[in-house]
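Enquirer: Fold the following, please.
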Amino acid sequence: MATNLLSAAHCKNANSNGAAIRKLSDGDGLYLWVYLDGRKYWRLRYWQAGKEKSLSLGVYPLVSLSDARKKRNELRKQLQAGLDPSAERKATNLRKELAAENSFEAVAREWYGRQLHTWVPHHASDVKRRLENNIFPGIGKRPIDEIQASELLHTVRKIETRGAYDLAHRVLQVCGQVFRYGIATGRCTHNLSTDLRGALTPHKKKHQAAVRPEELPELLLAIAKYDQIGDKQTRLALQLLAQTFVRTNELIGAEWAEFDMNSALWIIPAGRMKMKAEHVVPLSTQAVLILAELKEISGSSRFVFPGRNRDKPISNNTMLFALYRLGYKGKMTGHGFRAVASTILNETGFNPDVIERQLAHCERNEIRGAYNRAEYLPERKRMMQHWAEYLDSLEAGAKVIRFKGKGVK
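Expert: Coordinates of the predicted model:
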């Protein structure tokens, strides 16, 4: 039993009496070290295998006298059990470090870093945000091999309580990929996401809104008049999107360096494509004319569609909000141009492989090697010019003609 020699008042008023360090004993190896500059530290003095050792117990007054005594008594129990408190502390710290390295968050960030070069920027941002906002606060610090299926379910169901059922499924899929990476790297042995199949609220996948082919002429006429309620650049962006039916992100991030006007080709680099393969868009005569107008608007900016900050492109919502202003909220999106173009071109009789390649749906075949960016290029050039002329005819008042066969009349 320790003979307590200090009091709270002693600790508060203690000074070094001019010494570099003054050591005040509280008994059973507990000391308050008082330095000349007024700093005060708790230390435990003990003997192990005939050698004197000491261990820091914290800074006074953050660690009070009573707290220091509790720590001393706990460490004395370790000594009585034949353990070295210093070695036990090092082992505990090591376990904490290993746990941190093998936490779900650590494994997830490592997995994310290895996947990053394969993703387009907006997808990478989505994955990171979903983990940081929805998963890390709940189980991020937990060792990945200690997480239970019930913990993961509880964390993901918090997303469902917000009504975000689709997001909950997407986040669970990401977690599954992290667990698979953890298994491959020896940090865990089981993919908990497979245990949760059927545990989340079912959701019906929503498709991007798109007008029906017979509604396309009215939409094109509305876009042509957009200057009356909006700006010319946005109107041209919508028209170029209709002409090329690329993904919205691919359009707004377009840079002038990507265009070969002599060959009438737009070559989108792999880094900006969803499938991470360079994509060629043949430019119709109409598309080239639209680009000429855009060049006058963009001036010296490297972007085809610069925003208010000329060093950055317009936002993702620019064209979507323009469609809202035209009365197409819930009826049409930028992605919808891809759907309507695919429908009409397939019904017109163009080769489905040519259409799919132009939509950049096809993944690269690993057996064949790198994707041939010029695949079907002559046919795609003819198809894109035909599509541009078809849109012109609709805007001019022609009716949509849908049938199986060659060409549109």
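Enquirer: now the one helix or strand residue 169 maps to: mean pLDDT?
Expert: In this structure, residue 169 is located in helix 165-184 according to DSSP states H and E. For helix 165-184, mean pLDDT rounds to 92.
Enquirer: Counting by contacts, list what that helix packs against.
Expert: helix 104-115, helix 121-134, helix 149-160 (3 or more C-beta pairs under 8 Å, 6 or more residues apart in numbering; DSSP states H and E). For the C-beta atoms, the positions are set from N, CA and C on the backbone; glycine is no exception.
Enquirer: Give me the contact list for that helix.
Expert: 104, 107-108, 110-111, 114, 127, 130-131, 134-135, 144-145, 152, 156-157, 159-160, 188-194, 196, 200-203, 205-206 (C-beta atoms under 8 Å, 6 or more residues apart in numbering).
Enquirer: Any buried residues in it, and which?
Expert: Going by neighbour count (16 or more other C-beta atoms under 10 Å), the buried part of helix 165-184 is 167-172, 174-179, 181-182.
Enquirer: Just the CA coordinates for that helix, please, in CSV.
Expert: Provided in CSV are the C-alpha atoms of helix 165-184 (Å, rounded to 0.1, in the frame of the first residue of the first chain):
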residue,chain,number,x,y,z
TYR,A,165,-31.9,3.6,-51.2
ASP,A,166,-29.9,3.6,-54.5
LEU,A,167,-27.0,5.2,-52.7
ALA,A,168,-27.1,2.6,-49.9
HIS,A,169,-26.7,-0.1,-52.5
ARG,A,170,-23.9,1.7,-54.3
VAL,A,171,-22.0,2.3,-51.0
LEU,A,172,-22.4,-1.4,-50.0
GLN,A,173,-20.9,-2.3,-53.4
VAL,A,174,-17.9,-0.1,-52.7
CYS,A,175,-17.4,-1.7,-49.3
GLY,A,176,-17.5,-5.1,-51.0
GLN,A,177,-14.6,-4.0,-53.2
VAL,A,178,-12.7,-2.8,-50.2
PHE,A,179,-13.2,-6.1,-48.4
ARG,A,180,-12.1,-8.1,-51.5
TYR,A,181,-8.9,-6.0,-51.5
GLY,A,182,-8.5,-6.6,-47.8
ILE,A,183,-8.7,-10.4,-48.4
ALA,A,184,-6.2,-10.2,-51.3
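Enquirer: After that helix, heading C-terminal, what element do we hit next?
Expert: helix 216-224.
Enquirer: buried ones in that next one?
Expert: Result for helix 216-224 [16+ other C-beta under 10 Å]: buried residues 216-217, 219-220, 222-223.
Enquirer: Pick out whichever of those sits closest to residue 22.
Expert: residue 223 (83.9 Å; C-beta to C-beta).
Enquirer: List the contacts of that closest one.
Expert: 235, 238-239, 242, 326.
Enquirer: Apply 6 Å and report the result again.
Expert: By C-beta atoms under 6 Å, 6 or more residues apart in numbering, residue 223 lies in contact with residue 238.
Enquirer: What confidence value was assigned to it?
Expert: 96.
Enquirer: for the stretch 1-150 of the chain, what spans make up the strands?
Expert: For the stretch 1-150 of the chain, strands defined by DSSP state E, counting those that start in this stretch occupy the ranges 21-27, 30-35, 40-48, 51-59.
Enquirer: and the angle from the helix holding residue 169 to helix 121-134?
Expert: 90 degrees (axes from the mean of the first three to the mean of the last three C-alpha atoms, to 10 degrees).
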